[in-house]
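Novice: give me a 3D structure for the following:
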Amino acid sequence: MTFKDVFSHEGEIQKFKDLYFNAFPQEERVPFDFLQNKIKYGNSKLLTVYDQNIFVGLLVLVFHKDMVFLWYLAIDDKLRGKGYGTKVLQIVEQKHPGCRLVLNIDEVDQKFDDFVQRQKRHEFYLKNGYADCFVKTREKGVVYELMSKNGKVNYNDYKQMMIAYLGEELYNKVYELVE
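Specialist: The predicted structure is shown next:
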(Lines give C-alpha, C1' and ligand atoms only; values in the text may rest on other atoms or scores of the structure.)
Protein backbone atom coordinates (compact mmCIF):
# COMPACT_ATOMS: atom_id res chain seq x y z
CA MET A 1 0.00 0.00 0.00
CA THR A 2 1.11 3.52 -0.72
CA PHE A 3 0.15 6.97 0.50
CA LYS A 4 0.11 9.88 -1.93
CA ASP A 5 0.29 13.52 -0.92
CA VAL A 6 -2.92 15.04 -2.25
CA PHE A 7 -1.20 18.21 -3.46
CA SER A 8 1.82 16.55 -5.07
CA HIS A 9 0.00 14.21 -7.43
CA GLU A 10 -2.37 15.34 -10.17
CA GLY A 11 -5.95 14.17 -9.77
CA GLU A 12 -5.66 13.31 -6.10
CA ILE A 13 -7.53 16.36 -4.80
CA GLN A 14 -10.79 15.32 -6.46
CA LYS A 15 -10.52 11.70 -5.26
CA PHE A 16 -9.84 12.94 -1.74
CA LYS A 17 -12.74 15.40 -1.83
CA ASP A 18 -15.22 12.87 -3.23
CA LEU A 19 -14.55 10.38 -0.44
CA TYR A 20 -14.22 13.07 2.24
CA PHE A 21 -17.64 14.55 1.46
CA ASN A 22 -19.21 11.10 1.13
CA ALA A 23 -17.69 9.47 4.23
CA PHE A 24 -18.15 12.22 6.81
CA PRO A 25 -21.37 14.05 7.68
CA GLN A 26 -21.29 17.83 7.35
CA GLU A 27 -21.18 18.42 11.11
CA GLU A 28 -17.98 16.34 11.32
CA ARG A 29 -16.16 17.89 8.37
CA VAL A 30 -13.71 20.74 8.51
CA PRO A 31 -13.94 22.87 5.35
CA PHE A 32 -11.58 21.46 2.73
CA ASP A 33 -10.07 24.89 2.09
CA PHE A 34 -9.11 25.07 5.77
CA LEU A 35 -7.33 21.69 5.58
CA GLN A 36 -5.61 22.78 2.38
CA ASN A 37 -4.48 26.08 3.90
CA LYS A 38 -3.00 24.36 6.99
CA ILE A 39 -0.69 22.18 4.87
CA LYS A 40 1.69 25.11 4.32
CA TYR A 41 2.61 25.11 8.02
CA GLY A 42 4.12 21.64 7.71
CA ASN A 43 2.32 20.08 10.66
CA SER A 44 -0.30 18.15 8.70
CA LYS A 45 -0.72 15.97 5.63
CA LEU A 46 -3.66 15.11 3.41
CA LEU A 47 -3.09 11.71 1.85
CA THR A 48 -4.83 9.35 -0.52
CA VAL A 49 -4.29 5.63 0.02
CA TYR A 50 -3.69 3.08 -2.73
CA ASP A 51 -3.35 -0.67 -3.06
CA GLN A 52 -1.35 -0.98 -6.27
CA ASN A 53 -3.33 1.37 -8.55
CA ILE A 54 -6.66 1.01 -6.72
CA PHE A 55 -7.81 4.04 -4.74
CA VAL A 56 -8.63 2.73 -1.27
CA GLY A 57 -9.14 5.70 1.03
CA LEU A 58 -7.96 8.92 2.59
CA LEU A 59 -6.08 10.05 5.64
CA VAL A 60 -5.54 13.41 7.35
CA LEU A 61 -2.64 13.47 9.80
CA VAL A 62 -1.72 16.25 12.23
CA PHE A 63 1.73 16.27 13.88
CA HIS A 64 2.61 17.77 17.25
CA LYS A 65 5.68 16.91 19.33
CA ASP A 66 5.58 13.12 19.81
CA MET A 67 1.96 12.77 18.66
CA VAL A 68 0.41 11.90 15.33
CA PHE A 69 -3.31 12.63 15.22
CA LEU A 70 -5.27 10.57 12.71
CA TRP A 71 -7.91 13.25 12.28
CA TYR A 72 -9.70 11.64 9.35
CA LEU A 73 -9.44 8.08 8.09
CA ALA A 74 -11.90 6.75 5.54
CA ILE A 75 -11.90 3.63 3.42
CA ASP A 76 -14.02 3.52 0.27
CA ASP A 77 -17.39 1.89 1.06
CA LYS A 78 -16.88 -0.79 -1.57
CA LEU A 79 -13.58 -1.86 -0.01
CA ARG A 80 -14.46 -1.95 3.68
CA GLY A 81 -14.00 -5.23 5.52
CA LYS A 82 -10.99 -6.22 3.42
CA GLY A 83 -8.32 -5.26 5.96
CA TYR A 84 -7.39 -1.90 4.47
CA GLY A 85 -8.14 0.08 7.62
CA THR A 86 -5.85 -2.17 9.64
CA LYS A 87 -3.11 -1.89 7.01
CA VAL A 88 -3.35 1.91 7.01
CA LEU A 89 -3.02 2.00 10.80
CA GLN A 90 0.00 -0.31 10.66
CA ILE A 91 1.73 1.81 8.02
CA VAL A 92 1.11 5.04 9.95
CA GLU A 93 2.69 3.43 13.01
CA GLN A 94 5.67 2.15 10.99
CA LYS A 95 6.25 5.59 9.44
CA HIS A 96 6.15 7.30 12.84
CA PRO A 97 8.06 5.07 15.27
CA GLY A 98 8.08 6.20 18.87
CA CYS A 99 5.09 8.48 18.38
CA ARG A 100 1.86 8.36 20.30
CA LEU A 101 -0.93 7.78 17.81
CA VAL A 102 -4.15 9.62 18.60
CA LEU A 103 -7.62 9.52 17.11
CA ASN A 104 -11.15 10.31 18.07
CA ILE A 105 -14.31 8.35 17.39
CA ASP A 106 -17.97 9.25 17.59
CA GLU A 107 -19.30 8.85 21.12
CA VAL A 108 -20.35 5.25 21.71
CA ASP A 109 -23.75 5.36 23.39
CA GLN A 110 -26.97 3.40 22.91
CA LYS A 111 -28.93 6.64 22.54
CA PHE A 112 -27.70 6.95 18.93
CA ASP A 113 -29.48 5.27 16.01
CA ASP A 114 -26.12 4.14 14.64
CA PHE A 115 -24.95 2.68 17.96
CA VAL A 116 -23.98 -0.66 16.39
CA GLN A 117 -21.79 1.09 13.81
CA ARG A 118 -20.15 3.22 16.51
CA GLN A 119 -19.54 0.15 18.65
CA LYS A 120 -17.97 -1.73 15.72
CA ARG A 121 -15.66 1.21 15.00
CA HIS A 122 -14.61 1.29 18.66
CA GLU A 123 -13.95 -2.48 18.62
CA PHE A 124 -11.95 -2.11 15.39
CA TYR A 125 -9.56 0.35 17.02
CA LEU A 126 -9.30 -1.74 20.20
CA LYS A 127 -8.43 -4.76 18.03
CA ASN A 128 -5.69 -2.67 16.41
CA GLY A 129 -4.05 -1.84 19.74
CA TYR A 130 -5.67 1.50 20.53
CA ALA A 131 -6.87 2.16 24.07
CA ASP A 132 -9.56 4.41 25.47
CA CYS A 133 -8.18 7.64 26.93
CA PHE A 134 -11.40 8.30 28.86
CA VAL A 135 -11.50 11.82 27.46
CA LYS A 136 -14.53 13.20 25.63
CA THR A 137 -14.56 16.41 23.65
CA ARG A 138 -17.34 18.32 21.97
CA GLU A 139 -16.49 19.76 18.59
CA LYS A 140 -19.13 21.81 16.81
CA GLY A 141 -21.79 20.03 18.88
CA VAL A 142 -20.53 16.48 18.19
CA VAL A 143 -19.11 14.45 21.09
CA TYR A 144 -16.00 12.37 20.42
CA GLU A 145 -14.07 9.86 22.51
CA LEU A 146 -10.29 9.97 22.39
CA MET A 147 -8.23 6.82 21.80
CA SER A 148 -4.46 6.37 21.60
CA LYS A 149 -1.72 3.86 20.95
CA ASN A 150 1.93 3.81 22.11
CA GLY A 151 1.17 5.91 25.16
CA LYS A 152 -1.69 7.61 26.91
CA VAL A 153 -2.96 11.00 25.77
CA ASN A 154 -4.79 13.22 28.23
CA TYR A 155 -7.03 16.20 27.55
CA ASN A 156 -4.20 18.70 27.96
CA ASP A 157 -2.05 16.83 25.40
CA TYR A 158 -4.93 16.84 22.94
CA LYS A 159 -5.77 20.49 23.62
CA GLN A 160 -2.17 21.63 23.09
CA MET A 161 -1.96 19.67 19.83
CA MET A 162 -5.18 21.17 18.50
CA ILE A 163 -4.24 24.70 19.59
CA ALA A 164 -0.89 24.30 17.80
CA TYR A 165 -2.78 23.27 14.66
CA LEU A 166 -5.87 25.49 14.79
CA GLY A 167 -4.74 28.44 16.86
CA GLU A 168 -6.08 29.23 20.31
CA GLU A 169 -8.92 31.49 19.18
CA LEU A 170 -10.45 28.92 16.83
CA TYR A 171 -9.86 26.10 19.30
CA ASN A 172 -11.76 28.01 22.00
CA LYS A 173 -14.67 28.63 19.62
CA VAL A 174 -15.02 25.02 18.51
CA TYR A 175 -13.81 22.66 21.27
CA GLU A 176 -14.75 21.87 24.83
CA LEU A 177 -14.09 19.10 27.31
CA VAL A 178 -17.10 16.91 28.11
CA GLU A 179 -17.12 15.92 31.77
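Novice: now the strands: where do they sit in the protein?
Specialist: Counting by DSSP state E, the chain has strands at residues 2-5, 44-51, 54-64, 67-75, 100-106, 131-139, 142-149, 175-178.
Novice: so which bits of the longest one are buried?
Specialist: Applying a neighbour-count criterion of 16 or more other CB atoms under 10 Å, the buried positions in strand 54-64 are 55-64. In short, each C-beta sits where N, CA and C put it, glycine included.
Novice: tell me what angle that strand forms with strand 67-75.
Specialist: In terms of direction (axes from the mean of the first three to the mean of the last three CA atoms, to 10 degrees), strand 54-64 departs from strand 67-75 by 160 degrees.
Novice: output the contacting helices and strands for strand 54-64.
Specialist: helix 12-23, strand 44-51, strand 67-75, helix 84-95, helix 155-166 (3 or more CB pairs under 8 Å, 6 or more residues apart in numbering; DSSP states H and E).
Novice: now the angle from that strand to strand 44-51?
Specialist: Going by the same axes, to 10 degrees, strand 54-64 makes 150 degrees with strand 44-51.
Novice: and strand 54-64, which strands flank it?
Specialist: strand 44-51 (antiparallel), strand 67-75 (antiparallel) (DSSP bridges).
Novice: do the fifth one as well
Specialist: For strand 100-106, the pairing partners within the sheet under DSSP bridges are strand 67-75 (parallel), strand 142-149 (antiparallel).
Novice: let me see the contact set for the closest residue to residue 128 other than its chain neighbours.
Specialist: Nearest residue to residue 128, sequence neighbours excluded (CB to CB, 6 or more residues apart in numbering): residue 89, at 5.1 Å. Counting by CB atoms under 8 Å, 6 or more residues apart in numbering, residue 89 makes contact with 70, 73, 101, 128.
Novice: top of the residues you listed by neighbour count?
Specialist: Highest neighbour count within the contacts of residue 89: residue 101, with 22 neighbours (other CB atoms under 10 Å).
Novice: thinking again about what came up before, now, among the contacts of residue 89, which is nearest to residue 175?
Specialist: residue 70 (17.2 Å; CB to CB).
Novice: what are the bridge partners for the closest one, then?
Specialist: Bridge pairing for residue 70 - DSSP bridges - gives residue 61.
Novice: now do residue 57
Specialist: Bridge pairing for residue 57 - DSSP bridges - gives residue 49, residue 75.
Novice: in this structure it contacts residue 49, no?
Specialist: Yes - Residue 57 is within contact range of residue 49, at 4.4 Å (criterion: CB atoms under 8 Å).
Novice: joint contacts of those two?
Specialist: 75, 84, 88.
Novice: OK, contacts around the closest residue to residue 103 other than its chain neighbours?
Specialist: Once flanking residues are discounted, residue 103 sits nearest to residue 70: 4.3 Å by CB to CB, 6+ apart. By CB under 8 Å, 6+ apart, residue 70 lies in contact with 59-61, 89, 92, 101-103.
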